[in-house]
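Novice: Okay, predicted coordinates and the sequence, questions at the end:
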Amino acid sequence: MNILAELKNRFHEVLMSFSGNTEVQHLLDMIKPAQDARFGDYQANFAMPLGKQMGKAPRDVAAEILENLQLDDICSQAEIAGPGFINLTICQDWISSQVNEAAVDPRVGVSTVEGAQTYILDYSSPNVAKPMHVGHIRSTVIGDSLARTLRFLGHQVIADNHLGDWGTQFGMIIYGFKNFVDQAAYEQHEVQELSRLYRLVNRLIDYWKSKNRLMSQQDEIDRRAGEVERLEQVEPTGDKKEDKKQAKALSRAKDQLGQARKTLASLMDTVAAVEEDEQLNSLAQQHPDIARSALLETAQLHEGDETNRKLWEEFLPKCREDIQRVYSRLHIEFDVEYGESFYHEMLPGVVDGLQQLGLASESEGAQCIFLDEFDTPMIIQKSDGAYLYATTDLATIEYRMKQWNADEILYVVDHRQSEHFQKLFAVANAWNAPDVKMHHISFGTVLDETGRPYKTRSGDAVGLEGLLDEAVRKALEVVSANDDNKPGGPELDDPTRQHIADVIGHGAIKYADLSHNRTSDYVFSYDKMMALEGNTATYMQYSYARVQSIFRKGDVDISALRANDQDIVLGHKAERALAMMILRYSEALENVVDDYRPNQLTNYLFDLAKRFSSFFEQCPVLKAEDELVKQSRLRLCDLTGRVIAHGLSLLGIRVVDQM
RNA sequence: GCGCCCAUAGCUCAGCUGGAUAGAGCAACGGACUUCUAAUCCGUAGGUCGCAGGUUCGAAUCCUGCUGGGCGUACCA
């Protein structure tokens, strides 16, 4: 049961007599959870605009609406307050009966949506040639959570991992393998060696790129310095506005000069770092053309060159296994994993099709699609004949429509690609998918602790696996310390502690990510991520474990408890508050799906767990005043535990019975 | 230059479609374990919601300008 939906239902008819249908929807949206407990449980704010519109006093309008409304069974109180707010208090009996229903419902009171849709979720999509690092986690975790939530609500979901298994990075690995491989190391640990080769080639390419840019960068500095000098000599005109403009131009020029100098310094660093390393330097000098050569390897792979194709076929499964290992420990699953290579053969057809429709045309040797709203075109074929990820993305949409006839496609990708997606959606809608709704579920950049964009420094990137290991290690420390300090002595053996640490550590990392509004940038901090108090998964897991602990101590037979028809009664205000929050679960899920924001669910779960903690302090369960209250509270505990576990499961987070 | 995004407590962040006195967590301070797990709870303190205008009965939220930051911007993904 969704209380909010039910309230809107009740108000709908009455409001219809006050205004038209489209307007009513808008007015109904002004019914929402109360901002403050003093105002009851829900509040309706539509009397103010309605009064304005009708030229009546809002309070009179509110009164008139309430007179024509049958709310007695749901609300114990419907009060007009302030300028015309309608404050609604849900009545005790109704909450009880709804909670009783939820308690025997496998879906804990959440119904499936009407009008289920077919969603395709495109998330995670790592580059298989590079080890996964902290930057990959957001897409993976947010996408996984949205997939689970949509599915639970009754939609059909196809989770697709659009792997980067065909791009330039493979050319780099192939080049590295042909020139620098350490056979012994490769035989011992293939992926590790491949990843070393990738980083090595990347570094050498960077070296040459930087080195070749030194001159032009110096020129730019000279030019900017000249500009600063020129601006400094401009005499004040006496005109305030004009002088302000001048001052601004000068400060901007100085800024740019500083930037240019900084860029030069970092170029020089890159160059020096290689040249100071004798071995690296000698490799660099032996491969001056490495950037072009690596691209050539990619081109040859795409053209079907036998050697390169064979190498690719040898590398790919190994890279995928490596990635799979991370997914298994995170319990991430996909329905399909069609990488970029899967679409390779469709690309010429995509370009042809777009040309024939006149959407694509040649410009500067490349096949381009020009769109009115954008300055730069979407390029679908390079002047050297190679295809780009835009081409692949278009082919992917084509395939997805044919294969699944999707209603909606969600791309969980960081915000830097928003322009790409805007173009992609515009082209797809004009070309082969006029009706499908496509959304870029963008999220913020991962920042380091100084607030700068988190960048993987070549050589010592924070691998995702290392991060997960660290989280589990820290969790184990806390689990052990906590268990050792239990009043009755330790309760957990080592394997159990290890398992608990595993659940808590992985949960902490996922939750840290999911609990932020996805559009915000994200400050990555080991300490913050692994803090196991406050608004963290651990707090919810702890609440769950406390419920189970009550059952253990009380020797409660859970299946018998669930089978008995003893009603839940809400005598204490902490019980009422807890029950009310349980009934809001479906509202929370609706909020998640509404704008694809899992943090709506983490916020809800935190509220729920807080209410439970408060209930736990104030309401003894096993030592309740009588058997009726005890049974009622046991059932309330059970339901709370189930909602917490269920909510966490939609975030991809597990629970344990004991902590 | 153009485009997109952001600015909320000391720190990290919520704040849904405009609603009443802007909320959490962490850190700080004061209380609560003979008790169903203190990984907890109760309380105190902490704010010019970047600045200036505008729209509105009502603005952190919408509009305009400004300041400061991030990102993107023709053949990488």
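Specialist: Cool, the structure landed.
Novice: Report how many residues lie close to the residue of the stretch 401-550 of chain A found nearest RNA strand B.
Specialist: Per C-beta to the nearest atom of the strand, A:G534 is where the stretch 401-550 of chain A lies closest to RNA strand B, at 2.2 Å. Every C-beta, even on glycine, is put in place using the N, C-alpha and C of the backbone. Burial of A:G534 is recorded as 8 neighbouring residues (other C-beta atoms under 10 Å).
Novice: Figure out the helix or strand that A:I397 lives in.
Specialist: Assessed by DSSP states H and E, A:I397 sits inside helix A:389-404.
Novice: Equivalent analysis for A:Q25, please.
Specialist: Per DSSP H and E: helix A:21-28 holds A:Q25.
Novice: Assign the residue of the stretch 401-550 of chain A closest to RNA strand B to helix, strand or coil.
Specialist: The local conformation at A:G534, judged by DSSP: H, G, I helix; E, B strand; the rest coil, is coil.
Novice: again, but for A:T602
Specialist: Going by three-state DSSP: A:T602 is helix.
Novice: On the pLDDT front, check the closest residue to it other than its chain neighbours for me.
Specialist: Closest residue in space to A:T602, ignoring its immediate chain neighbours: A:S515 at 4.0 Å, by C-beta to C-beta, 6 or more residues apart in numbering. Here, the pLDDT recorded for A:S515 equals 93.
Novice: count of neighbours near A:S515?
Specialist: 18.
Novice: was I right about it contacting A:R597?
Specialist: No: with contact defined as C-beta atoms under 8 Å, A:S515 does not reach A:R597; the gap is 10.6 Å.
Novice: what secondary structure does A:M438 sit in?
Specialist: A:M438 falls in the strand class when you classify it by three-state DSSP.
Novice: tell me the contacts of it?
Specialist: A:I397, A:E408, A:I409, A:L410, A:Y411, A:F421, A:L424, A:F425, A:A428, A:N429 (C-beta atoms under 8 Å, 6 or more residues apart in numbering).
Novice: can I get the residues you listed in TSV with neighbour count and distance to A:A249?
Specialist: Compiled in TSV, the contacts of A:M438 are given as follows (neighbours: other C-beta atoms under 10 Å; distance: C-beta to C-beta, whole Å):
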residue	neighbour count	distance to A:A249
A:I397	24	45
A:E408	15	48
A:I409	25	46
A:L410	23	44
A:Y411	23	40
A:F421	18	35
A:L424	21	38
A:F425	20	38
A:A428	20	43
A:N429	15	42
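Novice: Return the subset of those residues lying in strands.
Specialist: Among those, DSSP state E puts A:E408, A:I409, A:L410, A:Y411 in strands.
Novice: ok, the last one touching A:K437?
Specialist: Right, the one you point to is A:Y411. No: using C-beta under 8 Å, A:Y411 is not in contact with A:K437, being 11.8 Å away.
Novice: Now the residue of the stretch 301-450 of chain A found nearest RNA strand B. Nearest residue, chain neighbours left out?
Specialist: Going by C-beta to the nearest atom of the strand, RNA strand B is nearest to A:K382 of the stretch 301-450 of chain A, at 2.7 Å. Among residues not flanking A:K382 along the chain, A:A366 sits closest, at 5.6 Å (C-beta to C-beta, 6+ apart).
Novice: quick one: contacts for that neighbour?
Specialist: A:I379, A:Q381, A:K382, A:S383.
Novice: Can you tell me the closest non-neighbouring residue to the second one?
Specialist: When you say that, I think you mean A:Q381. Leaving aside its sequence neighbours, A:Q381 sits nearest to A:Q367 (C-beta to C-beta, 6+ apart; 3.8 Å).
Novice: contacting residues for that neighbour?
Specialist: Counting by C-beta under 8 Å, 6+ apart, A:Q367 has contacts A:V351, A:L354, A:Q355, A:A360, A:S361, A:I379, A:I380, A:Q381.
Novice: what about 10 Å?
Specialist: A:Q367 sits next to A:350-352, A:354-355, A:360-361, A:377-383, A:385, A:387-388, A:391 when contact means C-beta atoms under 10 Å, 6 or more residues apart in numbering.
Novice: And A:Y411, by the same measure?
Specialist: A:120-123, A:125, A:139, A:143, A:162, A:393, A:417, A:420-421, A:424-425, A:438-442.
Novice: which residues of the stretch 251-400 of chain A fall in helices?
Specialist: A:278-286, A:290-303, A:306-330, A:347-356, A:389-404 (DSSP state H, counting those that start in this stretch).
Novice: For the residue in the stretch 151-300 of chain A that RNA strand B sits nearest to, which phi and psi angles does the backbone take?
Specialist: Of all residues in the stretch 151-300 of chain A, A:G167 sits closest to RNA strand B, at 3.4 Å by C-beta to the nearest atom of the strand. Main-chain dihedrals, A:G167, degrees, to the nearest 10: phi -90, psi -170.
Novice: okay, now it: neighbour count?
Specialist: 20.
Novice: Lovely, talk soon.
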